[in-house]
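J.: Provided below for reference: sequence and predicted model.
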Amino acid sequence: MTDFFLGMADLHILLLPLLAGIGTALLAGPLGCFVVWQRMAYFGESLSHSALLGVALGLWLKLPPTLTVIGAGILLALLLAGLQQRSHFSSDTLLGILSHTLLAAGLVLLAALPDLRVDLDALLFGDLLAVSTSDVVMLSVLLAVLSVCLWRLWQPLIAITVHEELASAEGVNVPRVRTALMLMMALTVAVAMKVVGVLLMTSLLIIPAAIAQRYARSPEQMAWIASATGVLAVIGGLLLSWFANSPVGPSIVLLAGIFFLNAVVVHTMREHFSNSQPGTRV
């Protein structure tokens, strides 16, 4: 009991990680909705593969890994957008080629680096407790910029999600809007690397949005629910890591997965209860 109260007294140490995690969750919520709506989960996985190349480039060039991860994500998004317009291959095929090529390039580059001194566990699974004030400031700037971009592109993004051909007929530049979405996702994934790591960051986009889809009745409502769910997962994951000494990134993803399973069970029970009531069946 004494250890518990001592742990509670030291919770102020979690302030910066909490701010960074909440900012990432707020941004990942609405973007994750488009990932779910447009079935872009594979693109998110491809971004995580490209992030490893970005990390390797950062170590090789002695640059901040966040900047090179952003560059690698933007490279993937631009390559995919360009190939989609000039190739007859499907998006899944192109993503499979690009993601594994970039992943292989990152692994080869990491193996070629002499005297590699880096905490690979932190890169792969996140190191939110090591977040600094400069990280939070950079995250805040990115959150503000991407929030403005998302607000301006919200309606065009909804339009191409509902019906791409109709949106194009109404004057929406579909390739440009889709490329902008992929670039925003690349920036978000680069920021989320600090929170949950390269291997787990796609889950922060997908799981809260999938939960929100169960309850939302409008796109805007789904975005808010997804952001709130992500924030709860971040807070719970940080507390679990603090008191149970578990890794932060996996703890956040684990709680998000538990929230998803709970949402599925509750939704199934409600449907079963509704169908079992007299007079509910047509």
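T.: That came in fine, so what should we check first?

J.: excluding chain neighbours, what is closest to the spatially most central residue of the chain?
T.: Most central residue of the chain, judged by C-alpha distance to the mean C-alpha position with C-alpha atoms, centre = their mean, is Leu205 at 3.4 Å. Of all residues not flanking Leu205 in the chain, Gly32 sits nearest, at 3.9 Å (C-beta to C-beta, 6 or more residues apart in numbering). For every residue, glycine as well, the C-beta is placed using N, CA and C.

J.: now do that neighbour, the pLDDT please.
T.: Turning to Gly32, the model gives it a pLDDT of 88.

J.: ok, the one 10 residues further on next?
T.: Per-residue confidence at Tyr42 stands at 76 (pLDDT).

J.: please identify which helix or strand holds the residue nearest to it when sequence neighbours are not counted.
T.: Nearest residue to Tyr42 in three dimensions, chain neighbours excluded: Leu95, at 5.3 Å (C-beta to C-beta, 6+ apart). Here Leu95 is covered by helix 91-112, with elements defined by DSSP states H and E.

J.: follow-up on the earlier one: got the contact list for the residue nearest to Leu205?
T.: Shown in contact with Gly32 (C-beta atoms under 8 Å, 6 or more residues apart in numbering): 204-209, 226, 230.

J.: can you check Leu240 too?
T.: Leu240 sits next to 246, 251, 254-255 when contact means C-beta under 8 Å, 6+ apart.

J.: for PyMOL, what selects the buried ones among these?
T.: When burial is assessed using 16 or more other C-beta atoms under 10 Å, the buried subset of the contacts of Leu240 is captured in PyMOL by this command:
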select buried, resi 251+254+255
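
J.: and the contacts of Leu240 as TSV, adding pLDDT and secondary structure?
T.: Below are the contacts of Leu240 laid out as TSV (pLDDT from 0 to 100; DSSP: H, G, I helix; E, B strand; the rest coil):
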residue	pLDDT	secondary structure
Ser246	83	coil
Ser251	87	helix
Leu254	90	helix
Leu255	91	helix
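
J.: between all of the contacts of Leu240, which two are separated the most?
T.: Pairwise distances across those (C-beta to C-beta) peak at 10.6 Å, for the pair Ser246 and Leu255.

J.: coming back round to it: okay, the residue nearest to Leu205 and Ala104: tell me how far apart.
T.: According to C-beta to C-beta, to the nearest Å, Gly32 stands 27 Å off from Ala104.

J.: and the residue lying closest to Asp92 once chain neighbours are set aside, what does it touch?
T.: Spatial nearest neighbour of Asp92, chain neighbours left out: Tyr42 (6.1 Å); criterion: C-beta to C-beta, 6+ apart. Counting by C-beta under 8 Å, 6+ apart, Tyr42 touches 92, 95-96, 99.

J.: between the helix or strand hosting Tyr42 and helix 91-112, how many degrees?
T.: Secondary structure from DSSP H and E places Tyr42 in helix 41-61. For helix 41-61 against helix 91-112, the angle by axes from the mean of the first three to the mean of the last three C-alpha atoms, to 10 degrees is 20 degrees.

J.: after helix 41-61 comes which helix or strand?
T.: Where DSSP H and E defines the elements, the next helix or strand beyond helix 41-61 is helix 65-86.
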